[in-house]
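Colleague: The following comprises the amino acid sequence and a computationally predicted model.
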Amino acid sequence: MTLANEKHGSLYIMRHGKTDWNEKHKIQGRTDIPLNDEGRKMAAAAAEEYKDIHFDICFCSPLIRAKETAQIFLSARNIPIIYDDRIMEMCFGTYEGIENSFEIPDCPINVLFKDPVNYIPVENGESFEQLFARTGEFLEQAVRPQLEDGKDVLIVGHGAMNSSIVCQIKNEPLENFWKAGIKNCKLMKLI
């Protein structure tokens, strides 16, 4: 999505706060895991840290860890939160719930993290093409009109999903998919 040389609003993304599965190094994907106490504290701390940054609208994944993060983060503000299925986390199929995948030799899901260009979707998992198609559609249909209208937009989502947005906004190739290193509850300005 190119908005170069155009007058527009700003675009920010944030990854949800920590969950128990983050702590245990379990692959979450579409599995709907709530924030843990630390994750809730992170969202509250982020609200204070970024209180002076203006947002007009928030788009959020409907998964509970993102919803809780957005609700806590924006609790002191009167900003609409719009949930959109297109910004759910990438689906990792039968590997969701697996713990410490990097300790399992030849675990096929590890290719996603170590060598995204050569990732072949695992059983019932989503491909990068599918991920980019839905997040690209979301950017064009939901985000672009807001930015063109001068609105400041916040997206609250997930590691892989947010990385797909970063790659599209910054025209990064797939080999740089994880380059942004999006941390929990840290705000990243993209536009």
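Modeller: Right, received. Where do you want to start?

Colleague: in this structure, which spans are helices?
Modeller: Assigned by DSSP state H, the chain shows helices spanning 20-23, 37-49, 64-73, 110-114, 128-138, 144-148, 159-170.

Colleague: now the angle from the second one to helix 64-73?
Modeller: Yep, that's helix 37-49 we're talking about. 40 degrees (axes from the mean of the first three to the mean of the last three C-alpha atoms, to 10 degrees).

Colleague: CA atoms of helix 37-49 as CSV?
Modeller: Only the C-alpha atoms of helix 37-49 are listed here, as CSV (Å, rounded to 0.1, in the frame of the first residue of the first chain):
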residue,chain,number,x,y,z
ASP,A,37,-1.8,-10.6,34.4
GLU,A,38,1.5,-9.5,33.0
GLY,A,39,-0.1,-8.9,29.6
ARG,A,40,-2.8,-6.8,31.2
LYS,A,41,-0.2,-4.7,33.1
MET,A,42,1.7,-4.3,29.8
ALA,A,43,-1.4,-2.9,28.1
ALA,A,44,-2.0,-0.5,31.0
ALA,A,45,1.6,0.6,31.0
ALA,A,46,1.4,1.2,27.2
ALA,A,47,-1.7,3.3,27.7
GLU,A,48,0.4,5.6,30.0
GLU,A,49,3.5,5.5,27.8
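
Colleague: What helices and strands are in contact with that helix?
Modeller: With contacts taken as 3 or more C-beta pairs under 8 Å, 6 or more residues apart in numbering; DSSP states H and E, helix 37-49 sits against helix 64-73. From N, CA and C alone the C-beta is placed, and that goes for glycine too.
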